[in-house]
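> Below are the sequence and a predicted model; questions follow.
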Amino acid sequence: MKVNPHRFKEFIVIAVVVAVLAVLPVLGLPRTWLLYIFLFFIYLALANMWNLLSGYCGLISLCQPAFIGLGGYTLVIFTWNGLPLYMGILGGAIVAAIFTMLISSAVFRLRGIYFAIGTLVVPEALRVVFFIWRPVGEQIHGKGAGYMIKGLNDVSMTHIYWLAIFIGIVSIVIMRLTLSSKMGMGLAAIRDNDSAASSSGINIFKLKLFAFVISAFITAIAGSIFYMFQGYIAPESGFSMKWTMTMILATVIGGISTEEGPIIGTVIIVFLHFLLARYAGISLIIQGILLIIIMLLAPQGIMGFARKTKIYQSLLRLTAGDSI
Amino acid sequence: MPQEILLKVSDIDAYYGSLQVLWDVSIEVKTGETVAIIGANGSGKSTLMNSISGIMHPVRGSIMFDGMDITMMDPYQIVTLGISQVPEGRRIFPDMTVYENLRLGAYNHRARPKREQSFENVYQHFPILEKRKKQLAKTMSGGEQQMMAIGSALMSDPKLLLLDEMSLGLSPIVVNELYYVLKEIRSKGITIIFVEQNVRRTLEEAERAYILETGHVVLSGSAESLRAEEKVKKAYFGA
Amino acid sequence: MNEIFSDIATPVISGILLGGLYTVIALGLSLVFGVMKLINVAHGDLVIFGSYFAYSIMTYLGFNPVLSLVAGIPLLFAVGFAIQKYFMARVFKRSMEAPLLIAFGISLVFENLYQILFTPMSRGLTTSYSLESFILGDIYIPVVYLLNLIVALIVMIALSLFLKKTFIGQAIIASSQDIRAAQLMGINTARIFCLTFGISAAISAVAGVFLGLTFPFTPVSGIPFLIIAFGVVILGGLGSIIGTFVGGIILGLAQTLGAQYISASAQMLILYVIVLVILAVRPQGLFGR
């Protein structure tokens, strides 16, 4: 196997960064700092998975909160039945993946904006389902009560923090592998021209489904890890549109359809959270305004903008060395 | 009396997406003239028409109408100034009645006060439209739809009428009828530019013509002189 | 015997009346979609804007919510006009996604503005008549439900007269049928789009008031009502006012019958499932593509 020297260098850089971030809690970094790093990796995974669908498959998915909520609730059901946490996380991912396959035959008939609206209905419907249905535990008076996640006593915060780093990195690796594989090329063909891709023998349905399932799987895991940290899930938060907003914003700010975009965008989003930590409502308003401004002025985001500049081009040549 | 220049297209370059369609095209039309633009498919005829009516804007060059620079104006402004285009393919409003279609022709504020008079005028040219005025546009024959499209354009009280492929897909009898009406319209002092593929017929109807080939004006002159031109004979009449 | 009859008749009658409300909510969405081929994801939030505006006028100035429309209609018209002019118009030609994402951003801004101004608590427009019912044989029907149907008829008639009889209305219809041809008729389509969005928002002001009289609402109620409006539009077909009315009544009936015979708390879920099923069965067909 040929080792690409550029790839290798990149791998080393990532490994060092991850190692440094991973030992931070052991070194006794303040907890709020760790919280922001934790959020960064969770949001990064979510943004990457949204970018995979919207930026590379042309599927503007608004149903990602469905996967987050399903992940969180499966974790609840598992842990309340005495099953281990990890099995719960994996179970949630599998439930989300199966759910995706079930709805795919319906939503894949929709194109463009219809797909967006069709997928918007899904988390709303699930929110109502989990508002009515108490899958485990005693029936209580009134509806819509949330659940504590059990079995968290033996799990340290550091542990959850590591999990977040793990899923964030996994999402990056998945993007890299997917896009450099044959599938990536097929996806590019879908995005550029659906009908041409289908006539050239690419099985669009299969490719889209594959991307959708991967996206659901990883999103559900990221959601479960988030709710492990939170310790509590309720239907209004688990299936909330605010999740969609976060991933759209992170991707669009950084640059949709670019691999680096979600990373840069997520840094900015988390920084915004940090700045406006006490004003959650205002923070969301600012995020909404930011999204509008970016769509109006720089729809390709920071990466799209950067790619046009000479500095980036020369930087690329510099880091790539002879491999390009 | 020396005729004044009504429309002056000077050295325009136009693009369709990233593809250049018109190269340095200039045409001039005097008040009251009937001028034809001749060319094969893809020669840039429709692009030229669309540039004049403001649907597209040229990248270079200018378009003057009635002493005003209309190069970058929007279609609705240009219609108000007095240029009305009957687009290729009879683009009408299929789910509206004939009456409603015609009435929309007088949408611009210059034409609105003269609406009743314009209706009379159109019905006089095309009596059938008055008979069919309550009918939905999509239920009429192709020829009737074309009459209605021309009628709508006349409703806007135009000084200059642009007709893009008027006779496309119509029977010779209908085409004859349309040309007859065009003569009446001309006699009222309305300037006409029409685009056609049928060169023989066009050179009979127009006073002057421009011949476009792959986006360039390759020949121009009076209809008579063009008919005599060797190149035209060879290319279009197979002589 | 009588009881069984009223068991069925109550949800049927209230469903039809409720359908009136859904029609008014959906008309604005249908209008914008029909003319600009744009699904305004912020539509529900504009409706809720109308509800909160009426709520503020009622609470702080003491006016009847219906009366507040005198100011609410022009205000929302201006908001809609501005959204089209300053946001949507700029990204229209670029892609399908850009207007969608901008509408999404607008929706988020509105939602959180409501949260800050009015708290996440659920509100309602409670008036002297909002809790009253009238009796029809054995059936009790809330007065507000009857108002919903009356208002739906008024809005439908007003809108269709406007579209049919006025120059601007005809220009709106022309633009929806063929933009290029409309431009060649001398219609300033950019302006027509702004007016259309404005009218859609103005109808939302009406919808918002009657929604507030009928149901409690919260800052995040926009999404459920967007989905209902969307369902009504796909059921009823595009560009048809009567079709929208039929779609509204079907969803209204589905909700009240579902509440009666399946479960009251699942009524929204039933609506969502219906919308998803229609989408799966006839995704674009109902739009007449």
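Great, that's in hand.
> how much space is there between C:I172 and chain B?
Plainly put, C:I172 is 11 Å away from chain B if you go by C-beta to the nearest C-beta, to the nearest Å. C-beta here means a position set from N, CA and C on the backbone, and glycine is covered the same way.
> can you check C:T244 too?
From C:T244 to chain B the distance is 16 Å (C-beta to the nearest C-beta).
> and if you look at C:Y145?
In this view, C:Y145 and chain B are 34 Å apart by C-beta to the nearest C-beta.
> pretty sure B:I38 is touching B:E196, no?
Yes - B:I38 is within contact range of B:E196, at 6.6 Å (criterion: C-beta atoms under 8 Å).
> Mutual contacts of these two, please.
Taking C-beta atoms under 8 Å, 6 or more residues apart in numbering or on different chains as the criterion, B:I38 and B:E196 both touch B:T202.
> and C:I135, backbone torsions?
As for C:I135, its main-chain torsions (degrees, to the nearest 10) stand at phi -110, psi 130.
> Check the one 4 residues further on too.
Backbone dihedrals for C:I139, given as degrees, to the nearest 10, come out at phi -100, psi 130.
> contacting residues for it?
Residues near C:I139 by C-beta under 8 Å, 6+ apart: C:6, C:9-10, C:13.
> how about a cut-off of 6 Å?
Applying C-beta atoms under 6 Å, 6 or more residues apart in numbering or on different chains, we find C:I139 in contact with C:6, C:9-10.
> In the chain, where's the longest helix?
Just so you know, I chose chain A. As assigned by DSSP state H, the longest helix anywhere in chain A is helix A:204-230.
> let's do chain C instead
In chain C, assigned by DSSP H, the helix with the most residues is helix C:2-36.
> which element follows that helix toward the C-terminus?
Next along the chain after helix C:2-36, taking DSSP states H and E as the criterion, comes helix C:43-56.
> quick one: buried residues of the next helix or strand after that following helix?
Using DSSP H and E, the helix or strand that follows helix C:43-56 in sequence is helix C:69-82. By neighbour count on 16 or more other C-beta atoms under 10 Å in any protein chain shown, the buried set for helix C:69-82 is C:69, C:72-73, C:75-77, C:79-81.
> Just give me the closest of the residues you listed to chain B.
Relative to chain B, the closest of the buried residues of helix C:69-82 is C:F81; by C-beta to the nearest C-beta it sits at 17.9 Å.
> Wait, the closest one touches C:I199, no?
No - contact status for C:F81 versus C:I199: not in contact, 9.0 Å apart, counting by C-beta atoms under 6 Å.
> Can you give me the pLDDT of the residue of the stretch 51-200 of chain C found nearest chain B?
Chain B sits closest to C:G186 of the stretch 51-200 of chain C, with a gap of 3.3 Å, by C-beta to the nearest C-beta. According to the prediction, C:G186 has pLDDT 92.
> Now it: phi and psi?
Backbone torsions for C:G186, taken as degrees, to the nearest 10, come to phi 90, psi 20.
> give the contact list for it.
Shown in contact with C:G186 (C-beta under 6 Å, 6+ apart): B:76, B:79-80, B:107-108, B:156.
> cool, B:Y179 as well?
Residues near B:Y179 by C-beta under 6 Å, 6+ apart: B:E205.
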